[in-house]
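Chemist: After the sequence you'll find the predicted model.
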Amino acid sequence: MTKFLILTSRERMEKYIVFAGIPKDWEFVYVDYGYSDQDVLSAGKDAEYILVDAVCPVSRHVIENMPNLKLIHSEGVGYNRIDTVAADEKGIFVCNNAGVNSAAVAEHAILLMLGLLRRLAEGDLLVRAGKQAEAKTSFILEGIHELGACHVGLVGFGSIGKATAERLSAFGTKVSYYSRSRMSDDAESRNTAQFIPLEEMIRECDIISLHLPVTPDTIGFVDIKFLAGMKKTAILINTARGEIVDQTALAKALTEGTIAGAGLDTMYPEPVTKDNPLLNLPEEMKYKILLSPHIAGTTHEVFKRIHQNVWNNFKVAAEGKRPDNVVNDV
């Protein structure tokens, strides 16, 4: 019997897994969200494989006390809460689903941009309150803007950044990117984006959209200095991870008018707590921020692809072969 420890939604897994393709001798053990290390070990100390939600942890203590463990697979793209160093030391593969949600996240980033530019949430509430005429007059006089008239800066230019640039090009948007490695001129032309130094992007862009992984270098990447350098009319978009943005600094920037708005699909920690500074802005500031519940990369189509990748990788590993999308040094 091959044992799998499932540290993600049972309902979600059962919806998307193709059980017909799973060997009959594979056993699944589930642990609910909010688990402790002891919960995990009590349920699946002898498991060979772990499937974990991208926002949930797999600690060194767990890894060191699971003698049969061969592979830990993130259900998503993120894997920063898996102790990859401990996995390296024990020769355990850590895999993710890189690239599988690029199109979905790119669409959502643009949704947040458009929602803020056209004051969508505010307009919806005003119309429902019987104030359609007043809202229309106000929006015209104060000005709403087209995405095609904006200069959008993409911080990070992996598969999601490239997919976002491709979709922005259809709007006629000027797109720049910043990455540690600059592409060739031909590659920039194919990807409809031009490199720009970070300082210049912060200073010049109307919208800055984050597409970075969480690493020690990117935690708090958007801080007081970053926000102070942006245009007062600029918008920040984050469909990456909440840890990348200093939320206290962002709340201060929104309240003081340092920037015009923010569209966030991710916050920190998750689940979001009621004392998060971004949920406690002054009432008059509430339309300067547009929030979604970390769903940019969670479409039906994405989860079908995710679980195809996950279970193919587990089958490969069970055959003693190297799986795809290994993110650690094994």
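Modeler: Received it, and whenever you're ready, just let me know what you need.

Chemist: Tell me where the stretch 1-150 of the chain has strands.
Modeler: Taking DSSP state E, counting those that start in this stretch as the criterion, the stretch 1-150 of the chain carries its strands at 2-7, 26-30, 49-52, 71-74, 93-95.

Chemist: Next: the stretch 201-330 of the chain.
Modeler: 207-210, 235-238, 261-264, 289-291.

Chemist: So residue 252 versus residue 146, what's the distance?
Modeler: Here the criterion is C-beta to C-beta, to the nearest Å. By it, residue 252 lies 29 Å from residue 146. All C-beta spots, glycine's among them, are computed from the backbone N, C-alpha and C.

Chemist: same question, residue 284
Modeler: With C-beta to C-beta as the criterion, residue 284 and residue 146 are 26 Å apart.

Chemist: Where is the longest helix in the chain?
Modeler: Scanning the chain for the helix with the most residues, using DSSP state H, yields helix 300-318.

Chemist: now the angle from it to strand 2-7?
Modeler: Here the directions of helix 300-318 and strand 2-7 differ by 140 degrees (axes from the mean of the first three to the mean of the last three C-alpha atoms, to 10 degrees).

Chemist: contact partners of helix 300-318?
Modeler: 2, 4, 12-13, 15-18, 21-23, 49, 51, 70-71, 73, 75-76, 93, 95, 97, 100-101, 104, 322-325 (C-beta atoms under 8 Å, 6 or more residues apart in numbering).

Chemist: and that helix, how far from the chain's centre?
Modeler: Computed by C-alpha atoms, centre = their mean, to the nearest Å, the chain-centroid distance of helix 300-318 equals 19 Å.

Chemist: okay, the angle between it and strand 26-30?
Modeler: Going by the same axes, to 10 degrees, helix 300-318 makes 120 degrees with strand 26-30.

Chemist: Please identify the buried residues of helix 300-318?
Modeler: If you call a residue buried by 16 or more other C-beta atoms under 10 Å, then helix 300-318 has these buried ones: 302-303, 305-311, 313-314, 316-318.

Chemist: same deal with stretch 115-126?
Modeler: Buried residues in stretch 115-126, counted by 16+ other C-beta under 10 Å: 115-117, 119-120, 122-123, 126.

Chemist: From these, which land in helices?
Modeler: By the criterion of DSSP H, membership of the buried residues of stretch 115-126 in helices covers 115-117, 120, 122-123, 126.

Chemist: Check those residues and tell me the two furthest apart.
Modeler: Spanning the widest gap among these are 117 and 126, at 16.5 Å by C-beta to C-beta.

Chemist: Now do the contacts for the closest residue to residue 209 other than its chain neighbours.
Modeler: Nearest non-adjacent residue to residue 209, counting by C-beta to C-beta, 6 or more residues apart in numbering: residue 237, 4.1 Å away. Shown in contact with residue 237 (C-beta under 8 Å, 6+ apart): 109, 112-113, 207-210, 262-264.

Chemist: With residue 48 instead?
Modeler: Residues counted as contacts of residue 48 (C-beta under 8 Å, 6+ apart) are 2-4, 68-71.

Chemist: Just give the number of residues close to residue 45.
Modeler: 15 (other C-beta atoms under 10 Å).

Chemist: Residue 244 now?
Modeler: Residue 244: 22 surrounding residues under other C-beta under 10 Å.

Chemist: try residue 239
Modeler: Residue 239: 28 neighbours (other C-beta under 10 Å).

Chemist: Could you do residue 152 as well?
Modeler: The burial count for residue 152: 26, using other C-beta under 10 Å.

Chemist: My guess is it contacts residue 171. True?
Modeler: No: assessed by C-beta atoms under 8 Å, residue 152 is found out of contact with residue 171, at 9.1 Å.

Chemist: what distance separates stretch 64-76 from the middle of the whole chain?
Modeler: Relative to its parent chain, stretch 64-76 has a centroid offset of 22 Å by C-alpha atoms, centre = their mean.

Chemist: how close does the residue lying closest to residue 17 once chain neighbours are set aside sit to residue 13?
Modeler: With sequence-adjacent residues excluded and distances taken as C-beta to C-beta, 6+ apart, residue 17 is closest to residue 307, at 5.3 Å. The gap separating residue 307 from residue 13 is 7 Å, by C-beta to C-beta.

Chemist: centroid residue for the chain?
Modeler: Centroid-nearest residue in the chain: residue 240, 3.3 Å away (criterion: C-alpha atoms, centre = their mean).

Chemist: tell me the contacts of that residue?
Modeler: 156, 210-214, 266.

Chemist: repeat for residue 287
Modeler: Neighbour list for residue 287: 119, 121-122 [criterion: C-beta under 8 Å, 6+ apart].

Chemist: where does the residue nearest to the centre of the chain fall, phi/psi-wise?
Modeler: As for residue 240, its main-chain torsions (degrees, to the nearest 10) stand at phi -90, psi -100.

Chemist: Skipping adjacent residues, who's closest to residue 7 in space?
Modeler: In space, and not counting its chain neighbours, residue 7 is closest to residue 52: 4.1 Å by C-beta to C-beta, 6+ apart.

Chemist: gap between the one you found and residue 224?
Modeler: Separation of residue 52 from residue 224 (C-beta to C-beta): 34 Å.
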